[in-house]
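>>> coords please:
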Amino acid sequence: MDGELSRATLLARGAATVVAASAFGGLASRASAAVPDGDLAYARLLVALELLSLDFYTRAIGAGGGSQLELRRARAAERRCYDAVAAVLTDAGQVPATAQDIDFSYPRGSFASRAAICRLGVRLESLSLGAYLGAVGSLQTPRYRDHAARAAASEAQHLSVLAGEVGGRRVGPPLPAALPLARVSDALDAFTS
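You can find the predicted model right below:
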């Protein structure tokens, strides 16, 4: 019987695998239970919003709109924000959406000129800023609130650059509006097909 598994050995290994899997399954459910449902809902929404931002910046760079250096920096920042918010879901045993999961669509002419790209960018960055500010006020987990506050600061910088590109005010309102989850979700629907 050298090199072969006996039925008893196979059953013993199978039982050990089941015990190990149930032990890890218990850990995963505890980790998931540790993250409030509202925090997970925000994480799913912010993942989709970051994917939209990444798609926008990739298309804007490809179309040659705006300052290429600033667009690339903004895309890199959006990637880091995506990774951080996706980790919330991964840590809770969930699988975050990826670019392959969502098809984005834009209004006709969105990437036809530098001005059109920047106007759309202002719209998207305003949505992102409001979403993260809404998350700051709604998230229950302190470290996720901290991330949302820092991400909001990043989104405000992107908004400032894009607004300046189209002749808008680089310095926006002193207390930008926080957007509730439902309003962000409705706005995001306009870009998904």
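>>> From here on, just use CA atoms for contacts and neighbour counts.
Will do.
>>> tell me, what residue is most central in this protein?
residue 47 (2.3 Å; CA atoms, centre = their mean).
>>> Please list all residues in contact with that one.
82, 85, 86, 96, 97 (CA atoms under 8 Å, 6 or more residues apart in numbering).
>>> The fourth one contacts residue 84, correct?
No - judged on CA atoms under 8 Å, residue 96 makes no contact with residue 84 at a distance of 11.0 Å.
>>> Now stretch 180-191 - C-alpha only, CSV.
Taking Å, rounded to 0.1, in the frame of the first residue of the first chain, the C-alpha atoms of stretch 180-191 are listed here in CSV:
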residue,chain,number,x,y,z
PRO,A,180,-27.0,59.9,2.6
LEU,A,181,-26.5,56.4,1.3
ALA,A,182,-29.7,56.3,-0.7
ARG,A,183,-29.0,59.5,-2.6
VAL,A,184,-25.5,58.3,-3.5
SER,A,185,-26.9,55.0,-4.7
ASP,A,186,-29.5,56.8,-6.9
ALA,A,187,-26.8,59.0,-8.4
LEU,A,188,-24.5,56.0,-9.1
ASP,A,189,-27.4,54.3,-10.9
ALA,A,190,-27.1,57.0,-13.6
PHE,A,191,-23.7,55.6,-14.6
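>>> Buried by neighbour count: which residues of it qualify?
Residues of stretch 180-191 classed as buried by neighbour count (16 or more other CA atoms under 10 Å): 180, 181, 184, 185, 188, 191.
>>> What of stretch 134-153?
For stretch 134-153, by 16+ other CA under 10 Å, it's 134, 135, 136, 139, 144, 145, 147, 148, 149, 150, 151, 152.
>>> Looking at the fourth one now. What's its pLDDT?
Think residue 139. Residue 139 carries a pLDDT score of 95 in this model.
>>> Can you pull the phi/psi pair for it?
Dihedral angles phi and psi of residue 139 (degrees, to the nearest 10) take the values phi -70, psi 140.
>>> what does residue 104 give?
Note on residue 104: backbone dihedrals following degrees, to the nearest 10 are phi -100, psi 150.
>>> residues contacting the nearest residue to it once chain neighbours are set aside?
Spatial nearest neighbour of residue 104, chain neighbours left out: residue 192 (4.5 Å); criterion: CA to CA, 6 or more residues apart in numbering. With contacts defined as CA under 8 Å, 6+ apart, the neighbours of residue 192 are 102, 103, 104, 105.
>>> just for this structure, where's the confidence low?
Low-confidence segments of the chain (pLDDT under 70): 1-33, 65-66, 170.
>>> Break it into its domains for me.
1-34, 36-189 (automatic domain parsing).
>>> right, so these: which one is the most enclosed?
Counting by mean count of other CA atoms under 10 Å, domain 36-189 has the highest mean neighbour count of these, with a mean of 18.
>>> what distance separates that one from the centre of its chain?
7 Å (CA atoms, centre = their mean, to the nearest Å).
>>> what about that domain, start to end distance?
One end of domain 36-189 to the other measures 24 Å (CA to CA, to the nearest Å).
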